[in-house]
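In: sequence first, predicted coordinates after that:
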Amino acid sequence: MISSMNKRQIGLVIIALAVVLFLVTLSLTLYTNSLNKILHQSCNLPAEVCPFNKAVPNQSIIGFTIVALFVILGIYLVLQKEPKLKEVKLAGNVRPKNGRDASNSKPKISPQDLKELKSEEKKILGLVTDEGAIFQAALVEKSGLSKVKVTRILDTLEGKGFIERKRRGMSNVVILKNS
């Protein structure tokens, strides 16, 4: 895909090319008109019927139309806005929806809620709490549990409202859910 800076440069080149093409078409039109005046003088037909008595030849109209299309295309490319790139933040830099840094704002988890969790769930929740935000694959590595087991634990924790998973490319980032 062409970057926005390149689009502007290409647009300017197209506009410059259109100006050159306009000047060439204009000069050829003026030259053709001067020749037509000479030919019209030697033509025996009436002025309304004479093919040499035209203000602008058909070829010139086609040329000016092409120039106009080039100018429109060039202006479109020059004025096109840059696409806004979505910033992807990884590990501890993932920001939750409220805009606060996930590592600095920890949800309020009551001791009663923690008592209801199994030991493996507490382990995973502890890793997420320590990091603030972590890739799901990193949780598998750090916890020593299988991929399937971690996924099931995350499903449970997400269902209870402790964490949130966000898709980042081919993987998930796990963050604490702010209550």
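Out: Alright, I've got the coordinates.
In: all contacts plus neighbour counts: C-alpha atoms, from now on.
Out: Will do.
In: what's the following helix or strand after the helix or strand bottoming out on mean pLDDT in the chain?
Out: Sorting the helices and strands of the chain by mean pLDDT, DSSP states H and E puts helix 111-115 at the bottom, at a mean of 66. Of the helices and strands lying after helix 111-115 in sequence (DSSP states H and E), the nearest is helix 119-131.
In: run the chain-centre distance for that following helix.
Out: Centroid separation for helix 119-131 versus its chain: 37 Å, with C-alpha atoms, centre = their mean, to the nearest Å.
In: would you mind writing the CA trace of that helix as CSV?
Out: Output in CSV follows, covering the C-alpha atoms of helix 119-131 (Å, rounded to 0.1, in the frame of the first residue of the first chain):
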residue,chain,number,x,y,z
SER,A,119,-5.2,-22.4,43.7
GLU,A,120,-4.5,-22.5,39.9
GLU,A,121,-6.9,-19.6,39.4
LYS,A,122,-5.2,-17.6,42.1
LYS,A,123,-1.8,-18.4,40.5
ILE,A,124,-3.0,-17.1,37.1
LEU,A,125,-4.7,-14.1,38.6
GLY,A,126,-1.5,-13.3,40.6
LEU,A,127,0.6,-13.4,37.4
VAL,A,128,-1.8,-11.1,35.6
THR,A,129,-1.9,-8.8,38.7
ASP,A,130,2.0,-8.7,38.8
GLU,A,131,2.3,-7.8,35.1
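In: for the next helix or strand after it, packing partners?
Out: Downstream of helix 119-131, the first helix or strand assigned by DSSP H and E is strand 133-135. For strand 133-135, the helices and strands in contact under the criterion 3 or more C-alpha pairs under 8 Å, 6 or more residues apart in numbering; DSSP states H and E are strand 171-176.
In: now do the helices in the protein.
Out: Remark: helices of the chain, listed N- to C-terminal, are 4-41, 58-79, 111-115, 119-131, 136-143, 147-159; assignment by DSSP state H.
In: the ones you listed: which one's closest to Pro51?
Out: Between Pro51 and the helices of the chain, the shortest separation by C-alpha to C-alpha is 8.1 Å, and it involves helix 4-41.
In: ok, residues contacting stretch 45-52?
Out: Contacts with stretch 45-52, where a contact means C-alpha atoms under 8 Å, 6 or more residues apart in numbering, come from Asn36, Lys37, Leu39, His40, Cys43, Asn53.
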